[in-house]
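**Q** Fold the following, please.
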Amino acid sequence: MNLKIALVRIFLFLFLVAGITACIDVSDSRAAIRIVTGTVTKIVDGDTIHMTTPEQTKLKVRLYGIDAQESYHKTDQPYGEKAKNALYDKVMGKQIKLDIIAIDRYRRMVGIIWLDNRNINLEMVREGHAEAYIEYLEEPYKKEFLEAQEEAKLAKKGIWSLPEYERPTDFRKRLRIKGRE
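**A** Next up is the predicted model:
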């Protein structure tokens, strides 16, 4: 397939997703605007992947409702590589279903990754590989993600076992880290 056709397909896909997004009631923004399947081709960090659809559309995906320690900057956060590796072990090279919830300011799809009937986003929180991203979580996911986080905290799993925990959002602000891959 030549580059022009690939670019047209990507543009049409993004145009369709943007059009669907514009038609959705803001109060129901948590509903999937589109569901796609594909193969995970890259793990950027503990909350961001790349995937390719059967039509060969390449998507950057930010996992909805979670925030993991940073692992690809000059100054990595403690546990960042472990979170990235945990996500890698779960989904790298596998066929997934993605419920697209939104498109963020970096033009990434924001969504929930499903592997079989497993909510991978929720697993990352439950196992302490990421925190619930309270600033962006909405129902019907909010309660479940916060409960999973509380269980991980009580059990001192993953990030909650660190002697000094710094939220990824605070880390990015402190180091003035902007856009993400």
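**Q** mind checking which helix or strand of this protein has the lowest mean pLDDT?
**A** Lowest by mean pLDDT, DSSP states H and E among the helices and strands of the chain is helix 3-23, with a mean of 56.
**Q** thought D67 was touching H129?
**A** No - D67 is beyond contact range of H129, at 10.8 Å (criterion: C-beta atoms under 8 Å). (C-beta placed from N, C-alpha, C; glycine too.)
**Q** Adjacent strands (with direction) for whichever helix or strand comes after the least confident helix or strand of the chain?
**A** Using DSSP states H and E, the next helix or strand after helix 3-23 towards the C-terminus is strand 34-45. Strands that pair with strand 34-45, judged by DSSP bridges, come out as strand 48-52 (antiparallel), strand 95-103 (antiparallel).
**Q** how about TSV for those strands, with mean neighbour count, mean pLDDT and distance to F145 added?
**A** Output for the strands paired with strand 34-45, formatted as TSV (neighbours: other C-beta atoms under 10 Å; pLDDT from 0 to 100; distance: least, C-beta to C-beta, whole Å):
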stretch	mean neighbour count	mean pLDDT	distance to F145
strand 48-52	21	98	17
strand 95-103	19	97	13
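**Q** for G80, what are its contacts?
**A** By C-beta atoms under 8 Å, 6 or more residues apart in numbering, the contact set of G80 is 45-46, 68-72.
**Q** Closest one of the residues you listed to R108?
**A** Distances from R108 to these, taken as C-beta to C-beta, are shortest for D45 (12.2 Å).
**Q** So what sits opposite the closest one in the bridge?
**A** Per DSSP bridges, the residues bridged to D45 are T48.
**Q** repeat for M109
**A** M109 has these beta-bridge partners by DSSP bridges: V61, I103.
**Q** and it, what is it in contact with?
**A** By C-beta under 8 Å, 6+ apart, the residues touching M109 are 17, 59-62, 98, 100, 103.
**Q** Looking at the contacts of G80, which are in strands?
**A** Using DSSP state E, D45 are the members of the contacts of G80 that sit in strands.
**Q** And the contacts of G80, which of them are buried?
**A** Buried by 16 or more other C-beta atoms under 10 Å: 45-46, 68-71, out of the contacts of G80.
**Q** State the distance from the spatially most central residue of the chain to K153.
**A** Taking C-alpha atoms, centre = their mean, the centroid of the chain lies closest to L63, which sits 1.3 Å from it. To K153, L63 is 19 Å away according to C-beta to C-beta, to the nearest Å.
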